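Peer 1: Kindly generate the corresponding structure for this input.
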Amino acid sequence: MSDTALAAPRRARVATAIVFALHAAVFAAWTPHIPSVKENLGLNDGALGLTLLGAPVGSVVAMLLVGNAVAKWGSRRVVLLTFLGYGLTSPLLGLAWSAWALFVALALWGATQGALDVSMNSQGIAVENDYGRPILSSFHAWWSFGGFVGVGLGALALGLGVDLTSQMIGATVLVALVAWPLSRAMLGDDHAVDEHKLGLPWRDKRVLVLGAIMFAGLLCEGAVGDWAALYLKETVGVAEEAAGWGYAVFAMLMFVGRVMGDRWVLRFGPSRVVATLAAVGAIGLGTALVVGQFGLALVGFGLFGLGLACIVPVAFSSAAAQSDAHAAQAIAGVATAGWAGFLLGPPLIGLLAHATSQSWALGILPVLLLSVVLGARALKRG
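Peer 2: Predicted coordinates for the structure are as follows:
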């Protein structure tokens, strides 16, 4: 493809990568404030856990609906609307005066977040199609990078005495300033031609299989996010200040895998890449859990992050390529399944740990990743 023909896809790629990064950064910047929100509202651990479910519940509901909107109007328009909505609802988190108010605020915020997730991935697929080669993993690498930056900015705001409401108003202003120019740079011709096919593609067995792969992958990701530090502190016995290294190494290797993922997929194919990485991740974490030693545990969590790195972008690309439905509808279908796994992971590990031990409970994660190895044949580009 000539440089002139690539000019529009290149602009769209840059704009979409920025949206991916900001999507993660705005969310991640909220997380350092959770302890102070808990204290200000007088919540115990159980009440906080239930309240925080607002965001994923809102996301799942929105994902069920937004696929049709993208198919009807195109991802560029829906990205603009949901991105603005994401920014405008952010200050509600700081204004909540009770657990119920925070739950509602998180549900509204999560709905715009989930809708933006589907629409920006749909735009990513459109850009990838114009490039004619895999590039979706690079967008998810930018998402991971945005998460790192967001956590740092949230912690910095806390250190400077900036409250959550003021911080999120700043996020609203930033989003309002960049939403229009970023969306204008995106591709605008990915709406459905046949509107009679609108609807979630649950009858498509290929989407169901890909949804199962996403379910397993995001269940593992959610579980590690909540339990890596606890496992290192309470089972391995490391100091509290060192316990966070488990998730840090996990996230770092996931980022590396996403940076390299497009090149690997182009050279070896999506099935082989996901299966190989998943096998390495399963063996790495499984071995670490058996040995129970700090250094090996860090290696295990790192390899597990690498093993999960390409599942989400490859599953999205594969669903869009294989489904008879519009790309956004296929993405919405597998994304909903993935979020269900992300929600189920932490409480499932908690129940199993209570009944057995943390090592045995976390042992389900390598098993799930091995199931991804077995199902990886379903991951194709068309």
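Peer 1: Which parts of this protein belong to which domain?
Peer 2: Following automatic domain parsing, the chain resolves into domains at 3-184, 205-378.
Peer 1: mind checking pLDDT for residue 271?
Peer 2: With respect to pLDDT, residue 271 scores 92.
Peer 1: Could you dump the domains of the chain into JSON lines and include mean neighbour count?
Peer 2: For glycine as for every other residue, the C-beta is placed from the backbone atoms N, C-alpha and C. Shown next, in JSON lines, are the domains of the chain (neighbours: other Cβ atoms under 10 Å):
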{"stretch": "domain 3-184", "mean neighbour count": "20"}
{"stretch": "domain 205-378", "mean neighbour count": "21"}
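Peer 1: Any stretches of the stretch 251-382 of the chain with poor pLDDT?
Peer 2: The model of the stretch 251-382 of the chain has pLDDT under 70 over residues 323-325, 381-382.
Peer 1: which residues in it form strands?
Peer 2: Taking DSSP state E, counting those that start in this stretch as the criterion, the stretch 251-382 of the chain contains no strands.
Peer 1: so where do the helices sit in it?
Peer 2: 270-291, 294-308, 311-322, 327-355, 358-362, 364-375 (DSSP state H, counting those that start in this stretch).
Peer 1: Return the distance of the longest helix that the chain contains from the chain's centre.
Peer 2: Secondary structure of the chain per DSSP state H: the longest helix is helix 99-131. With Cα atoms, centre = their mean, to the nearest Å as the basis, helix 99-131 stands 10 Å off its chain's centre.
Peer 1: what's the next secondary structure element after that helix?
Peer 2: Scanning forward in sequence from helix 99-131 by DSSP states H and E, the next helix or strand is helix 136-159.
Peer 1: so for that following helix, what's the average pLDDT?
Peer 2: Helix 136-159 comes out at a mean pLDDT of 86.
Peer 1: what's the angle between that helix and helix 294-308?
Peer 2: Taking axes from the mean of the first three to the mean of the last three Cα atoms, to 10 degrees, one finds helix 136-159 and helix 294-308 inclined to each other by 130 degrees.
Peer 1: could you give the angle of whatever helix or strand comes next after helix 136-159 to helix 99-131?
Peer 2: Proceeding N to C from helix 136-159, the next assigned helix or strand is helix 164-184, under DSSP H and E. Relative orientation of helix 164-184 versus helix 99-131 (the same axes, to 10 degrees): 20 degrees.
Peer 1: Now do the longest helix of the chain, average pLDDT.
Peer 2: 91.
Peer 1: Local confidence estimate at the nearest residue to residue 186 once chain neighbours are set aside?
Peer 2: Leaving aside its sequence neighbours, residue 186 sits nearest to residue 76 (Cβ to Cβ, 6 or more residues apart in numbering; 4.3 Å). pLDDT recorded at residue 76 is 90.
Peer 1: Could you tell me how far the helix or strand where residue 76 lies lies from the centre of the chain?
Peer 2: Taking DSSP H and E as the definition, residue 76 sits inside helix 75-89. Relative to the chain's own centre, helix 75-89 is displaced by 17 Å; criterion: Cα atoms, centre = their mean.
Peer 1: List the contacts of the helix or strand that comes right after it.
Peer 2: Sequence-wise, the next helix or strand downstream of helix 75-89 (DSSP H and E) is helix 92-95. Residues from elsewhere that reach helix 92-95, judged by Cβ atoms under 8 Å, 6 or more residues apart in numbering: 30, 33, 37, 101-102, 105-106, 108-109, 163-168.
Peer 1: and helix 92-95, C-alpha only, in CSV?
Peer 2: Backbone C-alpha positions of helix 92-95 (Å, rounded to 0.1, in the frame of the first residue of the first chain) are rendered in CSV as follows:
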residue,chain,number,x,y,z
LEU,A,92,-19.4,11.5,40.1
LEU,A,93,-17.1,9.1,41.9
GLY,A,94,-15.8,11.9,44.1
LEU,A,95,-19.3,13.4,44.7
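Peer 1: quick one on the thing from earlier: so for residue 253, which of the helices of the stretch 251-382 of the chain sits nearest?
Peer 2: Nearest to residue 253, of all those, is helix 294-308, at 4.0 Å by Cβ to Cβ.
Peer 1: by contact count, what packs against the closest one?
Peer 2: If you count contacts as 3 or more Cβ pairs under 8 Å, 6 or more residues apart in numbering; DSSP states H and E, helix 294-308 packs onto helix 205-230, helix 245-268, helix 270-291, helix 364-375.
Peer 1: repeat that with 6 Å
Peer 2: helix 205-230, helix 245-268, helix 270-291 (3 or more Cβ pairs under 6 Å, 6 or more residues apart in numbering; DSSP states H and E).
Peer 1: Output the second one as CSV - backbone C-alpha positions only.
Peer 2: Read it as helix 245-268. Provided in CSV are the C-alpha atoms of helix 245-268 (Å, rounded to 0.1, in the frame of the first residue of the first chain):
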residue,chain,number,x,y,z
TRP,A,245,6.2,-7.0,43.0
GLY,A,246,4.2,-10.1,41.9
TYR,A,247,1.6,-8.1,40.0
ALA,A,248,4.2,-5.5,38.9
VAL,A,249,6.2,-8.2,37.1
PHE,A,250,3.0,-9.8,35.8
ALA,A,251,1.9,-6.5,34.2
MET,A,252,5.4,-5.7,32.9
LEU,A,253,5.7,-9.0,31.0
MET,A,254,2.1,-8.6,29.7
PHE,A,255,3.1,-5.2,28.3
VAL,A,256,6.1,-6.7,26.6
GLY,A,257,4.0,-9.5,25.1
ARG,A,258,1.6,-7.0,23.7
VAL,A,259,4.3,-4.8,22.2
MET,A,260,5.7,-7.9,20.4
GLY,A,261,2.4,-9.6,19.8
ASP,A,262,1.6,-8.2,16.3
ARG,A,263,5.0,-9.3,15.0
TRP,A,264,4.7,-12.7,16.4
VAL,A,265,1.2,-13.2,15.1
LEU,A,266,2.2,-12.0,11.6
ARG,A,267,5.2,-14.4,11.6
PHE,A,268,3.8,-17.5,13.3
